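A.B. asks: build me a structure from this.
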Amino acid sequence: MNELRYILVSDGSSDISLLRIIDWVLAQKSKKIAVYNQWADFRGLPNPPKGLSERILRCMELYGSCDILFIHRDAEREPRSKRVREIEDSIARIKSGTNLPPYICVVPVRMKEAWLLFDTNAIRQAAGNPNGRISLKEIPVDQLEKLPDPKQILYELLRNASGLSGRRRRKFNVARSAIRIAQFIQDFSPLRKLPAFQQFESELYSLLEEESWS
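C.D. replies: Take a look at the predicted model:
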């Protein structure tokens, strides 16, 4: 196989940043394969799918076939294993006649923002102030899965990194900047210290070897 096409089905629009992480992981194992990604965007539909099973089915209808389906759910306050079971149950509820590709669960603990907190240089760039001198708190990677609210921590880091104050700080679009962080990260290997990322990478590499895509 010279090409590999995958689709990401996720919880919300901000999760598009996971494409960059998936691409990086694939490149570590399959450097000779051209990877084409797509994020399943349901926002423009008159009746967007609600449950996960419906989102997966609509994804297949709208985007056609692919080699791998990545299904994202944040663990939030639940164990990763519970979210994985929910994904598996959603797949099981889909009619057996549906031709689904192999799938990989992408379940960050507690949420995907935890996977973006380790690179303060990328945070500064995403905030539009790469040469900023304001000190940013660096969180040890092995502590990221223990944070109660990674999103709020990330948003505050972005506000500080922007160097803005007063009205301009209040108007700063922190959510848009957060989506951009992954674009500025060249090496995601520090995340290999996290159990949830280890599991994601291991399951993906096992699939690649099983399908002779590595």
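
A.B. asks: compute the first-to-last residue distance for stretch 64-77.
C.D. replies: 33 Å (CA to CA, to the nearest Å).

A.B. asks: what residues of it count as buried?
C.D. replies: Residues of stretch 64-77 classed as buried: 66-75 (neighbour count, 16 or more other CB atoms under 10 Å). No exception for glycine: its C-beta is placed from N, CA and C like everyone else's.

A.B. asks: greatest separation within those: which pair is it?
C.D. replies: Using CB to CB, these span at most 25.9 Å, a distance reached by D67 and A75.

A.B. asks: thinking again about what came up before, for the buried residues of stretch 64-77, give me TSV that also has secondary structure and pLDDT.
C.D. replies: Shown next, in TSV, are those (DSSP: H, G, I helix; E, B strand; the rest coil; pLDDT from 0 to 100):
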residue	secondary structure	pLDDT
C66	coil	96
D67	coil	97
I68	strand	98
L69	strand	97
F70	strand	98
I71	strand	98
H72	strand	98
R73	coil	97
D74	coil	97
A75	coil	96
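
A.B. asks: want to try a markdown table for these, with distance to L191 as columns?
C.D. replies: Shown next, in a markdown table, are the buried residues of stretch 64-77 (distance: CB to CB, whole Å):
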| residue | distance to L191 |
| --- | --- |
| C66 | 24 |
| D67 | 23 |
| I68 | 19 |
| L69 | 22 |
| F70 | 16 |
| I71 | 19 |
| H72 | 15 |
| R73 | 18 |
| D74 | 15 |
| A75 | 15 |
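
A.B. asks: closest one of these to A161?
C.D. replies: Closest approach to A161 among those (CB to CB): D74, at 23.2 Å.

A.B. asks: contact partners for the residue lying closest to that closest one once chain neighbours are set aside?
C.D. replies: Spatial nearest neighbour of D74, chain neighbours left out: M111 (4.0 Å); criterion: CB to CB, 6 or more residues apart in numbering. M111 makes contacts with 74-76, 150-151, as judged by CB atoms under 8 Å, 6 or more residues apart in numbering.

A.B. asks: and M111, how far from E209?
C.D. replies: To E209, M111 is 29 Å away according to CB to CB, to the nearest Å.

A.B. asks: strands along this protein, start to end?
C.D. replies: Ranges of strands in the chain, per DSSP state E, are 3-9, 34-39, 68-72, 103-106.

A.B. asks: quick one: which of these is nearest R168?
C.D. replies: strand 34-39 (30.7 Å).
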